[in-house]
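K.L.:
Everything below, folded, please.
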Amino acid sequence: MSLLSYEEVRPWAAAIREKVATGAMPPWHSTAPRGQFSNDRRLSDAEKESIMRWAAAGAPKGDVKDLPPVPAFTENWEIGKPDLVITMPEPYVVPTSGVIAYQNFTVPTNFAEDKWIQAIEVRPGARSVVHHILVFMVGTRQNQAYTQIVPQQPPRPQTAPSGQSTRKPESLIATTAPGTNAMVFPPGTAMRIPAGASIRFQIHYTSNGKETSDRSSVGMIFAKQPEKEMHTSAFFNPRLVLPAGAADTTVPSAIQFEKDVHLTALFPHTHLRGKSWEYKIVYPDGRAETVLPVPHYDFNWQTYYIFATPLTVPKGSKLEAVAHYDNSVNNKSNPDPTKEVHWGEQTWDEMQYTGINYTVDDESPKQPNSNQ
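P.N.:
Numbers count the residues shown, from 1 in each chain. This next block holds a predicted model:
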């Protein structure tokens with residue numbers, strides 16, 4: 001529902017009070033100290049108390065003179081008016097029913113020179129049928145400052161991502177999913193899209209009983225050449241196996257940094273059986289530090305956790321990610337607790353995936369049109 005005016009909010013006062021009291025709203029699933037993440041949505045105790053008292057008093061309107069101005073939205077873009085919008089070339093018609101395989105649409109950027117991106121936002125054309133979108137930069141791959149540590153787990157199932165691919169090199173540059181926000185990079189940093197690159201939309205559609213046409217887009221705001229290049233990447237564990245009926249299965253993954261970096265954001269992602277995450281940095285001297293605890297992961301609210309102060313991560317450090325899964329009958333969201341679950345793209349399968357943003361300390365941003 002809309003919450004832009006008093007008239008729109010007033011009928012929901014009792015529900016707002018209930019959700020604020022239980023902590024269900026605003027949605028935030030990490031127990032890290034307040035202030036660690038710049039996009040922390042939690043209310044302060046004083047803010048909660050104000051809402052509770054307002055609802056208990058009958059939700060009075062208050063003095064109209066104290067109303068702040070109505071927010072100005074730019075054609076529904078969270079980042080403001082984009083400098084460039086890239087849209088799927090043709091609409092995709094989502095059928096009324098059935099399972100829809102992930103759809104891929106590649107669009108050339110037609111960039112004659114490298115572009116620096118300060119903010120990027122993915123906008124579904126028909127939100128009612130778009131579950132999530134991953135946007136990839138095709139034709140190049142960012143040089144990673146880390147290596148994946150292969151987990152010691154059962155053999156990889158056939159449905160898992162393979163190291164062999166006929167696709168061109170590519171890098172994940174933007175995401176939208178339930179609960180995610182547009183990505184605005186800190187001042188002095190920007191993501192580079194090289195000349196000649198293309199954009200690939202990977203879209204997960206879900207039928208809803210009505211034939212629906214979708215043309216999704218990605219909007220970009222350009223920046224001048226920054227002090228630091230923002231790297232966007234990911235690591236994952238495609239070997240996961242969740243036994244049927246198991247209430248708590250642990251699935252790890254890890255990377256080791258080969259250069260000094262500053263870690264700016266983490267994006268934990270599982271499906272309906274995921275219940276918690278924990279991220280630790282193990283430093284070269286053996287010291288370990290928990291940097292992101294997510295004890296109550298919610299598939300319906302997927303969050304990029306953006307560090308208010310980027311984490312200093314020296315060369316040789318490891319970033320360890322551990323996800324926990326509930327494949328038992330106690331998980332009310334479980335599609336089928338009698339099924340052994342492996343990696344897969346559909347919601348009833350599972351993933352152990354982490355998006356990661358970082359800058360490299362000794363790296364100077366490349367000049368436009370430099371060699372890849």
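K.L.:
from here on, contacts and neighbour counts on C-alpha atoms
P.N.:
Noted.
K.L.:
Kindly report the domain assignment for the protein.
P.N.:
6-66, 84-360 (automatic domain parsing).
K.L.:
Check those domains for me and report the most buried one.
P.N.:
domain 84-360 (a mean of 18; mean count of other C-alpha atoms under 10 Å).
K.L.:
What distance do you get for residue 291 to residue 253?
P.N.:
Taking C-alpha to C-alpha, to the nearest Å as the measure, residue 291 falls 15 Å from residue 253.
K.L.:
before we move on, back to that, just send the domains of the chain back as TSV, with mean pLDDT too.
P.N.:
Formatted as TSV, these follow (pLDDT from 0 to 100):
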stretch	mean pLDDT
domain 6-66	94
domain 84-360	92
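K.L.:
could those domains be laid out in JSON lines, adding distance to residue 74?
P.N.:
Converted to JSON lines, the domains of the chain look like this (distance: least, C-alpha to C-alpha, whole Å):
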{"stretch": "domain 6-66", "distance to residue 74": "21"}
{"stretch": "domain 84-360", "distance to residue 74": "12"}
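K.L.:
so which of those domains gets nearest residue 75?
P.N.:
Nearest to residue 75 among those is domain 84-360 (11.0 Å), distances taken as C-alpha to C-alpha.
K.L.:
End to end on the closest one, go ahead and measure it.
P.N.:
Its first and final residues considered, domain 84-360 spans 27 Å by C-alpha to C-alpha.
K.L.:
distance between it and the chain's centre?
P.N.:
With C-alpha atoms, centre = their mean, to the nearest Å as the basis, domain 84-360 stands 6 Å off its chain's centre.
K.L.:
Assign a three-state SS to residue 264, would you?
P.N.:
With DSSP: H, G, I helix; E, B strand; the rest coil as the basis, residue 264 sits in strand.
K.L.:
pretty sure it is touching residue 310, no?
P.N.:
Yes. Counting by C-alpha atoms under 8 Å, residue 310 is a contact partner of residue 264 at 4.7 Å.
K.L.:
just the helices in the stretch 251-372 of the chain please.
P.N.:
Read by DSSP state H, counting those that start in this stretch, the stretch 251-372 of the chain holds no helices at all.
K.L.:
ok, which stretches of it are strands?
P.N.:
261-269, 274-282, 288-294, 305-313, 318-325, 341-342, 353-360 (DSSP state E, counting those that start in this stretch).
K.L.:
ok, now the stretch 101-250 of the chain?
P.N.:
103-108, 115-123, 130-138, 146-149, 170-176, 183-184, 189-193, 198-205, 212-214, 217-223, 228-229, 231-236, 241-242, 249-257.
K.L.:
can you list contacts of stretch 304-317?
P.N.:
35-39, 180-181, 256-268, 281-284 (C-alpha atoms under 8 Å, 6 or more residues apart in numbering).
K.L.:
for stretch 329-342, that is, sorry about that
P.N.:
Under C-alpha under 8 Å, 6+ apart, the answer for stretch 329-342 is 157, 159-160, 239-245, 247, 272-273, 326-328, 348-351.
K.L.:
Can you give me the end-to-end span of it?
P.N.:
18 Å.
K.L.:
Over to stretch 5-17?
P.N.:
So stretch 5-17: terminal residues 17 Å apart, C-alpha to C-alpha.
K.L.:
Nice, that's everything, thank you.
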